[in-house]
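>>> can you look at this prediction? I've put the sequence above it.
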Amino acid sequence: MCGGKVVKQDPEADAKKAAEEAAIKANAKAAQRNQSRSQSMLSSTDTAAPQQKTTLGGG
């Protein structure tokens with residue numbers, strides 16, 4: 001019963017760590033989607049044409 005370790009908890013550090021892990025996972029998923037999108041046959045026709053600005057929407 002004696003000699004047990006006291007674990008200090010830091011909720012802010014735990015939240016920060018969880019947010020960083022979530023951001024890493026989200027970035028990995030986005031990178032995977034972008035990679036598969038760039039390898040598809042349809043994207044090769046989209047990227048070959050230059051992007052033209054439109055006048056729709058004003059601004």
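Looks like it came in fine.
>>> pLDDT weak spots in the protein?
1-3, 40-54, 56, 58-59 (pLDDT under 70).
>>> longest helix of it?
helix 11-39 (DSSP state H).
>>> Lys25 - how many residues pack around it?
10 (other Cβ atoms under 10 Å). For every residue, glycine as well, the C-beta is placed using N, CA and C.
>>> and for Gly57?
Under the neighbour criterion other Cβ under 10 Å, Gly57 is assigned a count of 5.
>>> now swap in Lys17 and tell me
Using other Cβ under 10 Å: Lys17 sits among 11 other residues.
>>> from Ala23, how far out is it?
Distance, Lys17 to Ala23, using Cβ to Cβ, to the nearest Å: 11 Å.
>>> next: Gln32.
Taken as Cβ to Cβ, the span from Gln32 to Ala23 is 15 Å.
>>> equivalent analysis for Ala30, please.
From Ala30 to Ala23 the distance is 10 Å (Cβ to Cβ).
>>> what do you get for Thr55?
37 Å.
>>> so for the two, which sits in the more crowded spot?
With neighbours defined as other Cβ under 10 Å, Thr55 and Ala23 compare such that Ala23 has more, 10 against 6.
>>> enumerate every residue touching the more buried one.
By Cβ atoms under 8 Å, 6 or more residues apart in numbering, Ala23 lies in contact with nothing.
>>> spit out the residues that contact Lys17 and Ala23 alike.
With Cβ under 8 Å, 6+ apart as the test, Lys17 and Ala23 reach no residue in common.
>>> what is the burial count for Asp10?
Every residue meeting other Cβ under 10 Å relative to Asp10 is counted, giving 9.
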